[in-house]
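S.K.: just to be clear, the model below is a prediction. Sequence and coordinates:
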Amino acid sequence: MDTEKRKAQYREMFGRVADALGYKFSPDEEIVDFILEQEVTLEKKHGNPFCPCQGLKGNREEDMKIVCPCIPFNREHFDAMKRCWCGLFVHKDVEDPDELEQLAYSEFNS
Amino acid sequence: MEEENWTLAAQESELKDDRKAISLNGQNILLIRKDDEIFAVENRCIHMNCKFTRGELNGYNLKCPCHDWEFDIRSGEMTVASELKLAVYPAKIDSGTIYIEMGD
Ligand code: FES
C-alpha cells in the first residue's frame, strides 16, 4: 500500500463523511497529515484505519466503532468539543483548533 | 402527475439468496428481496466504498461487511447518523420481473 496514495484516498472518503456530519479536516495541516499517516500504519497492521488516539478493545463490535471517521458513534461527545478525539476533524465553523479542548468522556458524561 | 420511469433491472429468478448486484446507468445497485418486497440500494458504502453484496441483513438494516456501519434499506440512512445516506431507488416486481426507477 502506497502511504501517500492511501492518505489521499482517506481525505476523499473521510472528508465526504465528515462534511455530511458538519465537520471538516482540521486547518492544522501538520496534525492532519500526521494522523492520516498513523491510520495508514494501522490499516497495514490490522486491516482497518482505526483512530490512532483510542485503544483497541479486541472485540469487533467495539473496535469497529473506532474506525476513522468515528464521529457517527461519538456524536454528542465530539459535538460538545467541536472536534473529534484526535483533532483530525473539527466543526466547520472552527478556525483556530488550538482553542478547542479535549473533554474526557467521563467529564462529558458527568 | 409525474410520469414514472421504470427500468428493467433483473428477473426475480436471478436473485440468489434474495439478492443480486447489478450495474445500471453506471450505478452499482444491490437488489434485496425481503418478505416479497424488493429494495434497490446503492452498492457502495458511503464510508470506504465497500460493496454490500455480502452484508448481513437484520430486519431492514443492512450491515456493511467491511466495518459494520448499518443502513436502513428503506431510506438509505445510516442507523446512527441519518445525514449519511446511501442512494435508494423505488423498486417493484411485476410478473417476475424487477424494475427500478432511476430518476433523471
Ligand atoms: S466501508 Fe462500509 S463500513 Fe466501512
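M.R.: Thanks, I have it.

S.K.: need the helix or strand of chain A with the lowest average pLDDT.
M.R.: When each helix and strand of chain A is scored by mean pLDDT, DSSP states H and E, helix A:105-109 comes last, with a mean of 80.

S.K.: where do the helices sit along chain A?
M.R.: Listed in chain order, the helices of chain A (DSSP state H) span residues A:3-20, A:29-46, A:60-63, A:75-81, A:105-109.

S.K.: now check the lengthiest strand in chain B, is it near the ligand?
M.R.: The strand that spans the most residues within chain B, counting by DSSP state E, is strand B:27-34. No. Residues of strand B:27-34 are not located near the ligand by CB under 6 Å from any ligand atom, the shortest gap being 12.7 Å. Using the backbone N, CA and C atoms, a C-beta is placed for each residue, glycine as well.

S.K.: elements contacting that strand?
M.R.: strand B:6-11, strand B:19-24, strand B:37-42, strand B:97-101 (3 or more CB pairs under 8 Å, 6 or more residues apart in numbering or on different chains; DSSP states H and E).

S.K.: and the contacts of the second one?
M.R.: Residues from elsewhere that reach strand B:19-24 (CB atoms under 8 Å, 6 or more residues apart in numbering or on different chains): B:7, B:9-10, B:14, B:28-33, B:43, B:51, B:53, B:100, B:102.

S.K.: report the separation between the two terminal residues of stretch A:87-97.
M.R.: Distance between the two ends of stretch A:87-97: 8 Å, counting by CA to CA, to the nearest Å.

S.K.: quick check: the residue of chain A nearest the ligand.
M.R.: Among all residues of chain A, residue A:67 sits closest to the ligand, at 6.4 Å; criterion: CB to the nearest ligand atom.

S.K.: touching, that residue and residue A:50? I think so.
M.R.: Yes. The pair residue A:67 / residue A:50 is scored as a contact, 5.8 Å apart, by CB atoms under 8 Å.

S.K.: report the contact partners of the nearest residue to residue B:45 once chain neighbours are set aside.
M.R.: Excluding the flanking residues, the one nearest residue B:45 by CB to CB, 6 or more residues apart in numbering or on different chains is residue B:64, at 4.6 Å. By CB under 8 Å, 6+ apart, the contact set of residue B:64 is B:45, B:47, B:50, B:52, B:55, B:70, B:71.

S.K.: try it again at 6 Å.
M.R.: Residue B:64 makes contact with B:45, B:50, B:55 under the criterion CB atoms under 6 Å, 6 or more residues apart in numbering or on different chains.

S.K.: distance of the closest residue to residue A:1 other than its chain neighbours from residue B:38?
M.R.: Nearest non-adjacent residue to residue A:1, counting by CB to CB, 6+ apart: residue A:44, 5.9 Å away. Per CB to CB, to the nearest Å, residue A:44 is found 40 Å from residue B:38.

S.K.: of the two, who's got more company?
M.R.: Legend: neighbour count by other CB atoms under 10 Å in any protein chain shown for residue A:44 and residue B:38, higher for residue B:38 (21 against 12).

S.K.: thought the more buried one was touching residue B:91?
M.R.: Yes. Counting by CB atoms under 6 Å, residue B:38 touches residue B:91, with 4.5 Å between them.
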